[in-house]
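# pasting the structure only:
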């Protein structure tokens with residue numbers, strides 16, 4: 001089994017910062033991309049940021065310059081530092097990891113998701 005556990009969400013005022021963490025655990029052989037997605041009420045889930053195992057990042061235009069993604073491969077953990085938060089950043093944030101489980105072929109990578117953490121920004 002594989003688990004992704006997120007932490008760090010909360011209620012903050014516009015302009016403040018939050019740091020989200022997501023730790024993957026279980027029978028993991030290797031992790032490819034790790035990332036963060038968000039879903040606001042009535043909207044589709046969207047990519048916020050993702051990072052490859054080598055550290056290459058892809059950041060959504062809406063958060064570029066304010067959010068930073070990083071990861072600790074030794075801990076199977078990905079972080080999202082969110083600065084200068086805006087009310088429009090309010091959403092449930094989901095961690096994602098594309099990984100290969102122990103005992104499976106390298107080509108059998110799959111996406112796994114965390115349970116989500118609420119981020120609410122008020123003006």
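Received, thanks. Bear in mind that the values here come from a model prediction, so they are computed numbers and not experimental data.

# farthest residue from the center of this structure?
Of all residues in the chain, the one whose C-alpha sits farthest from the chain's mean C-alpha position, using Cα atoms, centre = their mean, is residue 103 at 25.6 Å.

# That one belongs to a helix, doesn't it?
No: counting by DSSP: H, G, I helix; E, B strand; the rest coil, residue 103 is located in no helix; its state is coil.

# any idea how far residue 97 is from the residue most central in space within the chain?
Centre of the chain computed as the mean C-alpha position; nearest residue by Cα atoms, centre = their mean is residue 36, 2.5 Å away. Taken as Cβ to Cβ, to the nearest Å, the spacing of residue 36 relative to residue 97 amounts to 11 Å. Quick note: C-beta positions are derived from backbone N, CA and C, even for glycine.

# Could you do residue 7 as well?
As judged by Cβ to Cβ, residue 7 and residue 97 stand 15 Å apart.

# Neighbour count for those two, which is higher?
When residue 7 and residue 97 are compared on other Cβ atoms under 10 Å, the one with more neighbours turns out to be residue 97, at 25 against 13.

# before we move on, the earlier item: mutual contacts of residue 36 and residue 97, please.
Shared between the contact lists of residue 36 and residue 97 (criterion: Cβ atoms under 8 Å, 6 or more residues apart in numbering) are residues 22, 78.

# Tell me how far whichever strand or helix holds the residue nearest to the centre of the chain lies from the chain's centre.
Element membership of residue 36, judged by DSSP states H and E, is strand 28-39. Centroid displacement of strand 28-39 relative to its chain, using Cα atoms, centre = their mean, to the nearest Å, is 7 Å.

# ok, and what's touching it?
Contacts with strand 28-39, where a contact means Cβ under 8 Å, 6+ apart, come from 2, 20, 22, 24, 45-53, 58, 69, 71, 73, 76, 78, 80, 89, 91-104, 106, 109, 116, 119.

# now those residues: which count as buried?
Those of these that meet the buried threshold are 2, 20, 22, 24, 48-51, 69, 71, 76, 78, 80, 89, 91-101, 109, 116, 119, by 16 or more other Cβ atoms under 10 Å.
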